[in-house]
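>>> Next come a sequence and a model predicted from it.
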Amino acid sequence: MDKEYTSGGLPEQEPSETITLPSFMAGSGTLDRLVDTARDYARAAASDNTLKAYTKDWAHFARWCRMKGAEPLPPSPEMIGLYLADLASGTDPSPALSVSTIDRRLSGLAWNFAQRGFALDRKNRHIATVLAGIKRKHARPPVQKEAILAEDILAMVATLPYDLRGLRDRAILLIGYAGGLRRSEIVSLDVHKDDTPDSGGWIEIFDKGALLTLNAKTGWREVEIGRGSKDQTCPVHALEQWLHFAKIDFGPIFVGTSRDGKRASETRLNDKHVARLIKRTVLDAGIRSDLPEKDRLALFSGHSLRAGLASSAEVDERYVQKQLGHASAEMTRRYQRRRDRFRVNLTKAAGL
């Protein structure tokens, strides 16, 4: 793997490692511990997935600069403009990137520059005009994943066996669907508050349902999941069954199982398991069987659960917005694959 270098030729440090004592202060046990604490907080400023993406963004940009005979630091708006143009045009063997990916790369660079003590002015004409041109020429409507509707989720859980692994996966699908959860939110749940350092939330089970407290992408929020009309499709009952038979009363809720499927491990599942589970059960349930298998797999992802809840729940939109943790109703509407778009007719209301 290539080492990253600063403009001074020194090996690049992780951004959190740049948090140190001021040069005029002598170190001490207490202050050194505070530096370590500050570094931990700095690492927690963004999710692990975001930090991994930003790290890759910086490595790609630094490598591109070296290939062009330039240095990544200090930031040069002119070079960044050329970098964006190269990403959009594509050079063999690298394909052209989508507008959303280029925008994300630029955000990653801005974050990396800030961690290294530099400010990147995204409004600089060398950056802003190139990015505006890329968006005007290449922008396309976002490709949305297909929603998993109520009848779909019922068919999907029906394909699962009633062994330990099947109980776990049934609970994942039903809790994820009823809660409108992101796949990272599903696997980050613990049994209790503060069970593990990497917890993303915990769950409390009551007579009428379950309350999830999540430290999610948009901050802390509570998600209420009521009990279903029957045990076979009730997300809370499915969760109780999994916890009971897996003998889980502490730590991560969704963990791996032994090879023979008879014992639960202590290792938290990766969020990729949720994506693979959705795709596998979609195929097994015969959903969208009118399409080739490759196209069916491409249609569904972890977001299909959130889109499914938004599209299927016949309740006031504000309740769906709260459940999904969206800051605006417009974002919630993007998840609604089927809805009465003309229920409110402003044309008639305006007298036409």
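Great, that's in hand. Numbering: from 1, shown residues only.
>>> give me the number of residues near A285?
When counting by other Cβ atoms under 10 Å, one arrives at 20 neighbours for A285. Using the backbone N, CA and C atoms, a C-beta is placed for each residue, glycine as well.
>>> Now do the same contact list for it.
By Cβ atoms under 8 Å, 6 or more residues apart in numbering, the contact set of A285 is D152, A155, M156, A158, T159.
>>> Just the buried residues from those residues, in ChimeraX please.
Selecting the buried subset of those in ChimeraX, with 16 or more other Cβ atoms under 10 Å as the burial test, is done by:
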select :152,155,156,159
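>>> of the contacts of A285, closest to N49?
The nearest member of these to N49, counting by Cβ to Cβ, is M156 at 24.9 Å.
>>> my guess is that closest one meets I287, correct?
Yes: M156 is within contact range of I287, at 7.4 Å (criterion: Cβ atoms under 8 Å).
>>> Now for those two: what residues contact both?
The contact lists of M156 and I287 share I148, where a contact means Cβ under 8 Å, 6+ apart.
>>> Can you flag which of the contacts of A285 belong to helices?
The members of the contacts of A285 that map onto helices under DSSP state H are D152, A155, M156, A158.
>>> With pLDDT and distance to G261 as added columns, please give these in a markdown table.
Written out in a markdown table, the entries for the ones in helices among the contacts of A285 read as follows (pLDDT from 0 to 100; distance: Cβ to Cβ, whole Å):
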| residue | pLDDT | distance to G261 |
| --- | --- | --- |
| D152 | 89 | 25 |
| A155 | 93 | 23 |
| M156 | 94 | 19 |
| A158 | 95 | 19 |
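>>> Kindly reformat those as a markdown table containing distance to L283.
As requested, those are arranged in a markdown table below (distance: Cβ to Cβ, whole Å):
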| residue | distance to L283 |
| --- | --- |
| D152 | 12 |
| A155 | 11 |
| M156 | 10 |
| A158 | 14 |
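>>> quick one: contacts of stretch 128-144?
The list of residues contacting stretch 128-144 from outside it, by Cβ under 8 Å, 6+ apart, reads 81, 84-85, 88, 96, 98-100, 102-103, 106, 122, 307, 334, 337.
>>> Pull the distance from that stretch to the chain's centre.
Taking the mean C-alpha point of stretch 128-144 and that of its whole chain, the gap between them comes to 23 Å (Cα atoms, centre = their mean, to the nearest Å).
>>> Let me see the mean pLDDT of it.
Per-residue pLDDT values over stretch 128-144 give a mean of 83.
>>> What of stretch 223-233?
Averaging pLDDT residue by residue across stretch 223-233 gives 89.
>>> Just the terminal-to-terminal distance for that stretch.
Separation of the first and last residues of stretch 223-233 by Cα to Cα, to the nearest Å is 19 Å.
>>> Flag every buried residue along that stretch.
Buried positions in stretch 223-233, judged by neighbour count with 16+ other Cβ under 10 Å: V223, I225, R227, G228, T233.
>>> could these go into CSV alongside secondary structure and distance to A178?
Rendered in CSV, the data for the buried residues of stretch 223-233 read as follows (DSSP: H, G, I helix; E, B strand; the rest coil; distance: Cβ to Cβ, whole Å):
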residue, secondary structure, distance to A178
V223, strand, 9
I225, strand, 5
R227, coil, 10
G228, coil, 8
T233, helix, 10
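>>> Going by distance to S188, which of those wins?
For those, the minimum distance to S188 (Cβ to Cβ) is 12.7 Å, reached by V223.
>>> Hmm, the closest one is touching L212, no?
Yes: with contacts counted by Cβ under 8 Å, V223 reaches L212, the gap being 4.2 Å.
>>> element containing L239, please.
Counting by DSSP states H and E, the secondary-structure element that holds L239 is helix 235-246.
>>> Give me the buried positions along that helix.
If you call a residue buried by 16+ other Cβ under 10 Å, then helix 235-246 has these buried ones: P235, V236, H237, A238, L239, Q241, W242, L243, A246.
>>> related to what we said a few turns ago, where do the contact lists of V223 and L212 overlap?
In the contact map built from Cβ under 8 Å, 6+ apart, the residues linked to both V223 and L212 are G179, L181.
>>> got the end-to-end distance for stretch 231-238?
Between the opening and closing residues of stretch 231-238 lies a distance of 8 Å (Cα to Cα).
>>> Begin at 252, not 1, for the rest of this chat.
Noted, 252 is the first residue going forward, which turns the last one into stretch 482-489.
>>> Okay, strands next: where are they in the stretch 352-501 of the chain?
Counting by DSSP state E, counting those that start in this stretch, residue ranges of the strands within the stretch 352-501 of the chain are 440-441, 452-456, 460-467, 470-477.
>>> same question, the stretch 502-603 of the chain
Listed in chain order, the strands found in the stretch 502-603 of the chain under DSSP E, counting those that start in this stretch are 506-508, 515-519.
>>> who wins for proximity to R531 among those strands?
Evaluated with Cβ to Cβ, those place strand 506-508 nearest to R531, the distance being 15.6 Å.
>>> Packing partners of the closest one?
The elements that strand 506-508 packs onto, with contact taken as 3 or more Cβ pairs under 8 Å, 6 or more residues apart in numbering; DSSP states H and E, are helix 415-430, strand 515-519.
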